[in-house]
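Student: Pasted the sequence and its predicted model underneath.
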Amino acid sequence: MTPFGKKIRQLRQEKGVTLKEMSKAIGVSSPYLSSLEHGKRGTPTWAMVQRIIAYFNVIWDEAEELQRLAENSNPRIVVDTACLDPKATELANKLAINIAKLDPTTLDDLLKTLNKAVAFSDK
């Protein structure tokens, strides 16, 4: 499941809506919506995200969060490390090989470290 799929499922459950009801309302098939929730589809289009935002009638921060989650929910990401430091290639490969073995706490720690490093480098 992707972060975007998890959020959609959460919103759907809070609203008490079935996959079938939501898929009909936003104009997609139930299997497509299920695949999107389970991370078996790629990143949704901007238009699809907008339909979902409108469907749940979310505004401002929550709408921005949905857009951000969609942008960070590609389940089949490719990392191009050509022309980067060799350590970047090593990191990408080790992560690809071992990500399924990492527990949620370790994933949280790695995400916090990476987010902090990126925020620091943006200054």
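Tutor: Good, I have the coordinates. Residues are numbered from 1 along each chain as shown.
Student: Tell me the buried residues in the host helix or strand of Gly5?
Tutor: Following DSSP states H and E, the helix or strand that holds Gly5 is helix 3-15. Neighbour-count burial for helix 3-15 flags Pro3, Phe4, Gly5, Lys7, Ile8, Arg9, Leu11, Arg12 (criterion: 16 or more other CB atoms under 10 Å). For glycine as for every other residue, the C-beta is placed from the backbone atoms N, C-alpha and C.
Student: dump the residue contacts of the residue nearest in space to the middle of the chain.
Tutor: By CA atoms, centre = their mean, the chain has its centre lying nearest to Ser73, at 2.3 Å. By CB atoms under 8 Å, 6 or more residues apart in numbering, Ser73 lies in contact with Thr2, Pro3, Phe4, Gly5, Gly39, Thr43, Pro44.
Student: before we move on, back to that, just the buried residues of helix 3-15 now: which is nearest Ala96?
Tutor: When the buried residues of helix 3-15 are ranked by distance to Ala96 (CB to CB), Pro3 comes first, at 18.6 Å.
Student: pretty sure that closest one contacts Asn72?
Tutor: Yes - counting by CB atoms under 8 Å, Pro3 touches Asn72, with 6.2 Å between them.
Student: Stretch 107-120: how far from the chain's middle?
Tutor: The chain centroid and the centroid of stretch 107-120 are separated by 16 Å under CA atoms, centre = their mean, to the nearest Å.
Student: Give me the buried stretch members for that stretch, please.
Tutor: Buried residues in stretch 107-120, counting neighbours by 16+ other CB under 10 Å, are absent.
Student: All set now, cheers.
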